[in-house]
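Enquirer: Pasting a predicted model and its sequence here:
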Amino acid sequence: MTTLKFKTNINCGNCIKSVTPFLNQEIDIEHWEVDTENPDKVLTIRGEVTSLQVESIIKEAGFVANVIKE
């Protein structure tokens, strides 16, 4: 299982509600969470997805996600 982190513009509870159906429908994502307290609004994804897949899902939901290189 891979863990990916993204800087996003998902910054509040309503934003999280908006992306939830998009992220939950991706069967290769086992767990996800957004740290809205972090200035970079970090989205953490665990599963068998690529950063490009996640960026595409977030874009479809109307937000922006940029992978954080570790």
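Expert: All right, it came through fine. Note that the structure is predicted; figures quoted are calculated from it, not measured.
Enquirer: now the residue nearest the centre of the chain, nearest residue through space, not along the chain?
Expert: Closest to where the C-alpha atoms of the chain average out (CA atoms, centre = their mean) is Leu43, at 4.4 Å. With sequence-adjacent residues excluded and distances taken as CB to CB, 6 or more residues apart in numbering, Leu43 is closest to Phe6, at 4.4 Å. Backbone N, C-alpha and C define where each C-beta goes, glycine included.
Enquirer: burial count for Lys5?
Expert: 19 (other CB atoms under 10 Å).
Enquirer: Would you mind listing the buried residues in the helix or strand harbouring it?
Expert: Secondary-structure element containing Lys5, defined by DSSP states H and E: strand 2-8. Of all the residues in strand 2-8, those buried under the rule 16 or more other CB atoms under 10 Å are Leu4, Lys5, Phe6, Lys7, Thr8.
Enquirer: Where does pLDDT dip in the chain?
Expert: 70 (pLDDT under 70).
Enquirer: circling back: quick one: strands adjacent to the strand holding Lys5?
Expert: Strands flanking strand 2-8 in the sheet, each with its direction: strand 42-47 (antiparallel), strand 65-67 (antiparallel) (DSSP bridges).
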